[in-house]
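1. sequence and predicted structure, then a few things I'm wondering about:
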Amino acid sequence: MEFGDTVKVLRVIPLFAKLDPTKIKLIAFASEYLTVEDGEELFHEGDQADGVYLIDAGTAEIWLSAEDAEVLVGELSDHDVIGEMAIFRNEPRSATIRARGTLKVLRVDADMFLSVVTQNADAALSVMRILSEKLALAADRERELANRINELEAT
Amino acid sequence: MEQSIFKFIFRYSMRQQVLLLVFTGVSLPFLYMSMDLPKTIINEAIGGGEGPRQLFDRPLDQVQYLMVLCFTFLALVLVNGGFKYWINVYKGQMGERMLRRLRYLLYGRVLRFPMPHFRKTSQGELISMITGEVEPLGGFIGDALALPAFQGGTLLTILTFIMVQDPFLGIAAISLYPVQMYVIPKLQRRVNLLGKERVKAVRRLSERIGETVAGIQEVHANDTSELERADFARRVGEIFEIRYQIYRKKFFIKFLNNFIAQVTPFLFYSIGGYLVIKGQLSFGALVAVLAAYKDLASPWKELLSYYQLMADSQIKYDQLIEQFQPADMLTDEQQQPMDAAPLPLEGPIIATNVTLEEDGGIKVVEGATFSVDSRATVALAGVSGGGRSGLAQVIARLLRPTGGLIKIGAHNLATLPEGVTGQRLAYVGPNAHLFSASVRDNLYYGLKHKVVREPDYEGEALAVRERYVSEAEAAGNTTSDPGADWIDLAAAGVEDTAALADRAIETLTAVDLDRDIYNLGLLGTIDPVGKPDLAARILEARELLHRRLDETGAGDLVEAFDVDRYNTNMSVAENLLFGTPIGDEFDFDRMAQNAYVQKILADTGLAGEFLRTGLKVATIMLDLFQDLPPDHEFFDRYSFIGSDDLPDVQACVRRAETSGLDSLGEDDRSLLMSLPFKLIPARHRLGLVDAELSARLLDARQQFAAGLPDDLRPSVAFFHQEEYNAAASVQDNILFGKLVYGRRQSQSQVGALIAEVIDSLDLRRAVMEIGLDYQVGIGGSRMSVGQRQKLALARSLLKRPDLMVIDQATDALDPGTQALVMDNLFKARDRCGLIWVLNRPDLADRFERALVMDSGKVVAQGTVEELRREGGALNDAAGGA
């Protein structure tokens, strides 16, 4: 994908939508446009976290390892952000990301991502919103699971 | 060592000194004659009237007589010069031999120093002593006897000459010598004391410099450069003060000398003149004596300065010797190469009341008494600082106990020669050192105890070698040839070098270093002329890899080099060169400045295109980067333009926009033209290298190669499908292309395919051998700490010792690798005993026995099972870790 198109992609991703154009161009220039073929991994649980991925097109599956098997816990699609948590926490990847069909992503280097997010209030707010949504989602899940356990114990 | 420099001189150079004296003695009569002859020439040949003269009963006329005497004089001049030349060369040779011997002796003593001594003596001090401080001694040793003999002899000769003329004036000429001989040494003594101070101060200075270099990280990390500068300034100031004092005293001595030397003529003029006036002395005699006295001055001065040099050298020697005889050195015999391979050390290690005391009376190990089989596996546990490490080094005989006794079987460890302890025992510490050489050299280091096979020298080389041996013997140096074959194959248990390499790779695998070495091998280069077979096989791998890439559908992960296609995953510079640069000529970063490249661009009409593209790149870069703070890391990582150059580029772009590209000056043009070289189409995706430009660049590539002048040919190794590229790594030769940007798995997939190809062609072993040639850098700095530890372990394993002492030598490894390496060593140890200082006592369960230390004492010993069952010490140590 050409540089100019990359800038357009970044513009529609909520996280970067409010950045000034120069910053977006800088991110676009420093980013890598990656193609991940069907079934290939973008990264693996436990890998060092070195960047954030933005989905341009395609579907990414989130897999968690549990005991001996892997469990599909969710999926992400266009304009979603992948892998920002590991960057903030400075920890290895907490899940494995695999492409379903051809997945096209932009990879933004960890340092570049952090410098943008820490220097721009709007971007920081966007990150908080994304993280809050994930937190709310996790809380919902927990509630659901707790209910189910209760039901099982009741029977 | 000899306690004074004269003892040293007599012991090692008596014969040469005597020969020198004899020669000096023989030369003196000629000197006398050459002084006497001019008088005869003037008085008898030129003066003395006409008429025939007699010479050895042959009649000669006056002119003939004059000529004979003059040519005799010329011959004497030659003879005297010849003597001087020979004596000087001989003196120089002798002095240098003695210097070589002295340095060799001192270095040999350093090798025998007890280890704790190195805590008190710094590297800097030792270096300055063995290199700088001994240097002037060589000069003195050459002069030690010859100079006083020669100058003394000259003095006596001249004095005799004067005495023959007039005994009274002869005595007058030397009348003040006793005064000088009394006063000067008194003054000199003070200079000597200062000289001692100076030597010490300089030594401390070199120690300080050594410390700064060693601690340079701390200096930067703590911003203490001013403190270091201040300390350094004080020390050089101290040296200045001492030297200033020395100068003042030295030149005062000189002043006094000169004064006294002039007092004598004063006596001649006054007393001699008075006697001439009174008619008691002839005028001619006074003139002759004055002339002779002038000749006396030079040897006398030489003698006096010899005296000063002698005093100085004695001090230097004394101070050197002082530093090189610490108590408890290994004996010379203990370090001599063994005639035969030492017998294995068998039997139990028995320690009786072993104590290791440091300076200041701190007992690192106190009264350790234990007995373990030397072939057993023993965990040496306990808290850090409890004496584990000290005891481990005592068992490895790196330290000798200050009290008590430690034996292996019937042998007292302290007195065993190093040929036994160094070959039958192995020790790997936490900071094992690597020498600046290849991985292979470091690995084989433990097999090189003495020359195994002399190289076959022939012709010129043989003559050089023979001369080296005879000189080495003359200076008491070893004649062992460092270029010979030193590798003791039998010690490693193999028959030939190929089997040794197999063993080496086996041990590297045991310490989990095989993959690293393999990877280093992939990044290494080979000389295809020296190894044509290997090069051919690597080319085969290239072909196979590309076939496999197509077969597995991974062909799009690599963009292969194709001389007829523009490679979008390479920079413009790389595309133009289409080869590997050798040296700096075609360095990619400075390609735009290269005259030949500029010529090619002009010839192909690309110069204008580069200018326009350069302006576009510059504009984009300014847009992206001008808001960043100047020192931002993104400049280094992403920008084509450094932050320092940004203002220049800005001005340049403005000029181009206002008055057009054509009106730009030379600097602006070359600035803009340098930018497109860095473009990698697939990476930067700026759309600036379109199909048309690519085609024209291809054309430029062909012209570049076709027109390359002969003198530039060695500066580039072009990519050829059918040829091995000597300048590129093995991996790049196999890949023969670029990994494409934008494919997540390209690196790992292609890496796996390369490995597959290498294995299927049986090349892994060859690649590892290339990895063995990797240079580890000074102190192993080009390897990680973990790799260094692993290599040190492999080095010990390779020499097949009877007992390995491993002192926290896997600490830099992650816990998983630590356990893996330990398991591998247990498997590979054969019958070798293992004593392992453990930082993680949870690993102790692998061992048969354990010794637990606390506060320097062995607080528990027994089988690991027993100790675990009893609870207590071993478990506490485990808990504490």
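-> Cool, the structure landed.
2. list the buried ones in the longest helix along chain A?
-> Longest helix of chain A, by residue count under DSSP state H: helix A:121-154. Buried residues in helix A:121-154, counted by 16 or more other Cβ atoms under 10 Å in any protein chain shown: A:123, A:126-127, A:130. Yep, even glycine has a C-beta here, placed from its N, CA and C like the rest.
3. mind putting those into CSV with distance to chain B and pLDDT?
-> Shown next, in CSV, are those (distance: Cβ to the nearest Cβ, whole Å; pLDDT from 0 to 100):
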residue, distance to chain B, pLDDT
A:Ala123, 15, 79
A:Ser126, 21, 80
A:Val127, 20, 80
A:Ile130, 23, 81
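4. which of the residues you listed sits closest to B:Arg112?
-> A:Val127 (65.9 Å; Cβ to Cβ).
5. I figured that closest one hits A:Leu15, correct?
-> Yes. At 6.6 Å, A:Val127 counts as touching A:Leu15 under the criterion of Cβ atoms under 8 Å.
6. shared neighbours of those two, anything?
-> Here A:Val127 and A:Leu15 have no joint contacts, going by Cβ atoms under 8 Å, 6 or more residues apart in numbering or on different chains.
7. and the helices in chain A?
-> A:3-12, A:14-17, A:21-30, A:84-89, A:110-119, A:121-154.
8. between helix A:21-30 and the first one, find me the angle.
-> Same thing as helix A:3-12. Orientation check (axes from the mean of the first three to the mean of the last three Cα atoms, to 10 degrees): helix A:3-12 against helix A:21-30 gives 120 degrees.
9. so what does the longest helix of chain A touch, helix or strand wise?
-> helix A:14-17, helix A:84-89, helix A:110-119 (3 or more Cβ pairs under 8 Å, 6 or more residues apart in numbering or on different chains; DSSP states H and E).
10. bridging residues for the residue most central in space within chain A?
-> Chain A has A:Ile82 as the residue nearest its centroid, 1.1 Å off, counting by Cα atoms, centre = their mean. With DSSP bridges as the criterion, A:Ile82 is bridged to A:Tyr53.
11. what's the span of stretch B:626-637, first residue to last?
-> 15 Å (Cα to Cα, to the nearest Å).
12. would it count as contacting chain A?
-> Yes. Counting by Cβ under 8 Å from any Cβ of the partner chain, chain A has neighbours in stretch B:626-637: B:627-628, B:633-634, B:637.
13. from those, which is closest to A:Leu137?
-> For the residues of stretch B:626-637 next to chain A, the nearest to A:Leu137 is B:Phe634 (33.9 Å; Cβ to Cβ).
14. which secondary structure state does that closest one sit in?
-> Of the three states, B:Phe634 takes helix according to DSSP: H, G, I helix; E, B strand; the rest coil.
15. would you mind naming what in chain B lies close to chain A?
-> Counting by Cβ under 8 Å from any Cβ, the residues of chain B close to chain A are B:620, B:623-625, B:627-628, B:633-634, B:637-638, B:683-687, B:741-745.
16. give me the phi and psi for B:Trp836.
-> Dihedral angles phi and psi of B:Trp836 (degrees, to the nearest 10) take the values phi -120, psi 120.
17. contacting residues for it?
-> If a contact means Cβ under 8 Å, 6+ apart, then B:Trp836 has B:377-380, B:805-806, B:822, B:847 as its contacts.
18. B:Met673 against B:Glu609, yeah?
-> No. Assessed by Cβ under 8 Å, B:Met673 is found out of contact with B:Glu609, at 9.7 Å.
19. who has more neighbours, the two?
-> B:Met673 (24 against 17; other Cβ atoms under 10 Å in any protein chain shown).
20. dihedrals phi and psi, residue 13?
-> Answering for chain A, as no chain was given. phi -80, psi 120.
21. and for B:Ala368?
-> B:Ala368 adopts backbone torsions of phi -70, psi 120, taken as degrees, to the nearest 10.
22. before we move on, what about B:Gly446?
-> phi -80, psi 0.
23. quick one: contacts of the worst-scoring helix or strand of chain A on mean pLDDT?
-> Least confident helix or strand of chain A, by mean pLDDT, DSSP states H and E, is helix A:14-17 with a mean of 77. Residues from elsewhere that reach helix A:14-17, judged by Cβ under 8 Å, 6+ apart: A:10-11, A:23-24, A:27, A:54, A:79, A:81, A:116, A:123, A:126-127, A:129-130.
24. close enough to count as contact, B:Gly833 and B:Pro348?
-> No. Using Cβ under 8 Å, B:Gly833 is not in contact with B:Pro348; the gap is 10.2 Å.
25. of these two, which one has the most company?
-> Taking other Cβ under 10 Å, B:Gly833 and B:Pro348 do not tie; B:Gly833 has more neighbours (23 against 15).
26. how about that one, what does it touch?
-> Each residue near B:Gly833 by Cβ under 8 Å, 6+ apart is listed here: B:373-378, B:802-804.
27. buried subset of these, written for ChimeraX?
-> Those of the contacts of B:Gly833 that count as buried under 16+ other Cβ under 10 Å are selected in ChimeraX with:
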select /B:374,375,376,377,378,802,803,804
